[in-house]
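Peer 1: Below are the sequence and a predicted model for it; my questions follow.
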Amino acid sequence: MRKANLVEYVIEYYDDAELNRRQANKIVDVVLEGLEHGCKQDDMVQIPGFGTFKRKHRPARLGPKPGTSEKIQIAESWTVTFKAGKSLKESMRD
């Protein structure tokens, strides 16, 4: 699913509210910005039943250079991990 599909889903779900594409797009943008802000400021966003987004630090390390296997220094970085909640895991069984 892409962002455009998610916007369509919001429009269809709130059919009674008569949302237009621009309003639905803004709703999706605000939710995604909230997730980003929460991970950046609080290191974690927890949505009960859905899952947890967590900010994770990757320290600098030596790793192989693609193609040559020569050892190179890889800079430290930050990433986000996701752990699915119980309800989401159970819904995937269907």
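Peer 2: Looks like it came in fine.
Peer 1: Distance of residue 42 relative to residue 20?
Peer 2: Noted for residue 42: a distance of 33 Å to residue 20, by C-beta to C-beta, to the nearest Å. C-beta here means a position set from N, CA and C on the backbone, and glycine is covered the same way.
Peer 1: go on, residue 9?
Peer 2: Distance, residue 9 to residue 20, using C-beta to C-beta: 15 Å.
Peer 1: just residue 11 next, same as before
Peer 2: Going from residue 11 to residue 20 by C-beta to C-beta gives 8 Å.
Peer 1: do the same with residue 67
Peer 2: With C-beta to C-beta as the criterion, residue 67 and residue 20 are 49 Å apart.
Peer 1: Can you name the residues in contact with the biggest helix by length in the chain?
Peer 2: Of all the segments of type helix in the chain, defined by DSSP state H, the longest one is helix 21-42. Contacts of helix 21-42 with the rest of the structure, by C-beta atoms under 8 Å, 6 or more residues apart in numbering, involve 3, 6-8, 10-11, 14, 19, 44-45, 53-55, 80.
Peer 1: re earlier: when residue 9 and residue 20 are compared, which one has more neighbours?
Peer 2: For residue 9 and residue 20, the more surrounded residue by other C-beta atoms under 10 Å is residue 9, and the numbers stand at 13 against 9.
Peer 1: Surely that one is within a strand?
Peer 2: No. Counting by DSSP: H, G, I helix; E, B strand; the rest coil, one finds residue 9 to be helix, located in no strand.
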